Every structure is written in C-alpha cells, then in structure tokens.
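In: Quick one, what's the 3D model for this:
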Amino acid sequence: MLEQLDFQNLLVIDIETVPQYRTYQELPQHLQDLWEQKTAYQRKETSAADFYERAGIWAEFGKIVCISAGVFTSGDGISLRIKSYCCEEEAELLEDFAAMLKRRPANQILCAHNGKEFDFPYLCRRMLINKINIPPQLQTFGKKPWEVNHLDTMELWKFGDYKNYTSLSLLAAIFNIPTPKDDIDGSMVGHVYWEENDSERIKTYCQKDVITTAQLLRRFRGEELISEENITYID
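Out: Numbers count the residues shown, from 1 in each chain. Now for the predicted structure:
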C-alpha cells in the first residue's frame, strides 16, 4: 500500500482550533442567532450557550490557533522534521503557513487524518475570511479529483467504506504506534487556550498528531517506525 508514493514530496499537517470568543455571551447578537440556527440539529436539547464550547469545529465560528507540519527527510535512515505555527493572531499564523507552502512545490502532497473533511477545508475557509490568498497546494476549484494532491489517512483506512469514523488514536493503538500519554485531547484545546493561555501545550498536542500520522503512513506501507532520535523540531 502506498508503494508509489514519494514520502519526500509529502507534507503532513494538523491544525488545532478553538471558538472565536471565550464565551457564548461575548458573541455579537447576530452571531448568537446564527449559531443557534447553525447548530439546531446537532445540539438537540442542549442550549446554544452550553453547546458553544464546540464552536471550534465550525470554520464560521472558530479559528485556528496552531498548525504543525512535518516533512520526511532521508540521510542516515528516514527522519521527520516538524515546524509549528502558533500565534495570538490567526491571520499572522495563516500568513506564515501560506508563505511556507508557496515556497514549496505546487504539486506538494498534503496529508492529514480526516484532512479532506476537516483540516484542508478549514484552512481554506479561514484564509478567505482573513483575506489571505489560498496557496496552490490547498486549491481544489476547477481541478479533477485526481489532480488534487490531498492524502487522508482516515480515507485510506476506509478502503471505500463510507459508514464510520476511525480516530487517529485507535489506528495508532492497533498498529502498535507508541504515543506518549496525552496531556490533553481535542475537546480540551479551547479550555487550554481561553482559560489557561497555554499555547505550548496546544503546540505539543498538535505536533503529536503530526508524528502519529507520519508513523501511520509508515505502517500502511509496511515499514519500520521513525525512531524518536530522528524526529527534530524547527523553531
């Protein structure tokens, strides 16, 4: 599986998102009304205010607070280099990430777990909202499906099955990919951002997902995992 894929033309990414405002009460009134309409089906009997902690899932009501990207390199064995983009201002981190993509080949393959449904469209939507030109690697308009260089490890695992979602944590467990005991999970990112103001914890969590996705690709191809000493972090 994936034998034809050149890992060195691959960029593994993960994003972390939070609600745009600390609390539902801080939302402007017209956005409160639109939030209630948008989430009526999902929240059922839960109030719009109580459901707002999940607003980071929607690009219209959330924002990106961290993007981590990993590239495979060769030398004395396969290595992984990771760089993260974290900033108080979403527009700034998106600008930096977009600038990095524009310096890379236009046919660079982007990979993420559930990326086609979440990471890639979320990035595009937030770039448009922040008046940032979408880099060629993220553009899909006017392209045929096989011209879009997006790889999704969750889609690969489905093998054409559309019925369910498989988490990255579950795949890591069944493929014996060791991961450090998580300090936080995705449901806690908003609290860590708004209440604890701890971007380093969020960055670490984001980087772990990039590493796990990269290791999963190695497992999908029947290859050995990248050793910890061959994973480097770039400031």
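
In: And the contacts of stretch 107-126?
Out: Under the criterion CB atoms under 8 Å, 6 or more residues apart in numbering, residues 5, 9-15, 17, 59-60, 62-64, 67, 90, 94, 97, 101, 134, 137-140, 149-155, 165, 168, 171, 209, 212-213, 216-217 lie in contact with stretch 107-126. Placement of C-beta: from N, CA and C, glycine included.

In: Show me what the helix ranked longest in the chain is packed against.
Out: When the chain is parsed with DSSP state H, its longest helix is helix 199-220. Using 3 or more CB pairs under 8 Å, 6 or more residues apart in numbering; DSSP states H and E as the contact test, the elements touching helix 199-220 are strand 10-19, strand 62-75, strand 77-86, strand 109-112, helix 153-158, helix 168-174, helix 189-194.

In: before we move on, back to that, now, of the contacts of stretch 107-126, which are buried?
Out: 10-15, 17, 59, 62-64, 67, 90, 94, 97, 101, 134, 137-138, 140, 149-155, 168, 171, 209, 212-213, 216-217 (16 or more other CB atoms under 10 Å).

In: residue ranges with poor pLDDT in this structure?
Out: Residues of the chain meeting the criterion pLDDT under 70: 75-76, 180-182.

In: again, only using 80
Out: 1, 75-77, 163-164, 180-185 (pLDDT under 80).

In: what's the next helix or strand along the chain from the longest helix of the chain in contact with?
Out: Later in the chain than helix 199-220, the nearest helix or strand by DSSP states H and E is strand 231-234. Strand 231-234 has contacts (CB under 8 Å, 6+ apart) with 79, 80, 81, 82, 83, 84, 207, 211.

In: what's near enough to touch the nearest residue in space to residue 69 that is not next to it in sequence?
Out: Spatial nearest neighbour of residue 69, chain neighbours left out: residue 13 (4.9 Å); criterion: CB to CB, 6 or more residues apart in numbering. By CB under 8 Å, 6+ apart, the residues touching residue 13 are 67, 68, 69, 70, 110, 111, 112, 115, 119, 210.
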